[in-house]
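Asker: Predicted coordinates and the sequence they were generated for:
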Amino acid sequence: KRAILDQGLVSGVGNIYADESLWAARLHYARATDTLRRKEAERLIDACRDVMARALDAGGTSFDSLYVNVNGASGYFARSLNAYGREREACYRCAELGLGTKIRRDTFMNRSSYSCPVCQPRPRNGRW
């Protein structure tokens, strides 16, 4: 997540979209980039592209009246979030498998980070 949020490395991905991309790629937010295998890095890049494209199609993510487009319309991507803001709610992917796993919220880089403890296991040597 640290690398995804680094605007000098990847431009435009914010906290919400980073959490959603990591959930889609099944990677934990504290996973160090130098431990990613090529397939994992490709999966994460694909997930970032997909999440950003879906967010743009939905007009972005609006949680209140401060986050609207130039015409004053809200974005609707918040309705399709899988991880971000869903603390203690069921993980959709785990629920499909009959598991009752709940999304957890942790603090990382002075921000909230949302992840599934089953789908996105904590790395042994994470970068906290």
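Answerer: It's in.

Asker: Please make it C-alpha for all contacts and neighbour counts, starting now.
Answerer: Fine.

Asker: list the buried ones in stretch 29-46?
Answerer: For stretch 29-46, a neighbour-count test (16 or more other Cα atoms under 10 Å) marks 29-32, 41, 43-45 as buried.

Asker: Correction: the previous question concerned stretch 14-33.
Answerer: 15-32.

Asker: Tell me which residues are up against it.
Answerer: Applying Cα atoms under 8 Å, 6 or more residues apart in numbering, the contact partners of stretch 14-33 are 1-5, 40, 43-44, 47-48, 51-52, 81-84, 111, 113-116, 119-123, 125-128.

Asker: ok, now with 6 Å
Answerer: Residues outside stretch 14-33 that contact it (Cα atoms under 6 Å, 6 or more residues apart in numbering): 1, 43-44, 47-48, 83-84, 119-120, 122-123, 126-128.

Asker: Now do it, average pLDDT.
Answerer: On average, the pLDDT along stretch 14-33 is 95.

Asker: what's the distance between it and the middle of its chain?
Answerer: Centroid separation for stretch 14-33 versus its chain: 5 Å, with Cα atoms, centre = their mean, to the nearest Å.

Asker: Where does the prediction get shaky in this structure?
Answerer: Low-confidence regions of the chain, defined by pLDDT under 70, span residues 58-77, 79.

Asker: With only the CA atoms kept, save the helix or strand hosting R105 in PDB.
Answerer: Per DSSP states H and E: R105 is located in strand 104-108. What follows is strand 104-108, C-alpha atoms only, in PDB (Å, rounded to 0.1, in the frame of the first residue of the first chain):
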ATOM      1  CA  ARG A 104     -11.000  -5.500   9.700                       C
ATOM      2  CA  ARG A 105      -9.800  -2.000  10.100                       C
ATOM      3  CA  ASP A 106      -6.200  -1.200  11.000                       C
ATOM      4  CA  THR A 107      -4.200   2.000  11.100                       C
ATOM      5  CA  PHE A 108      -1.400   2.100   8.500                       C
END
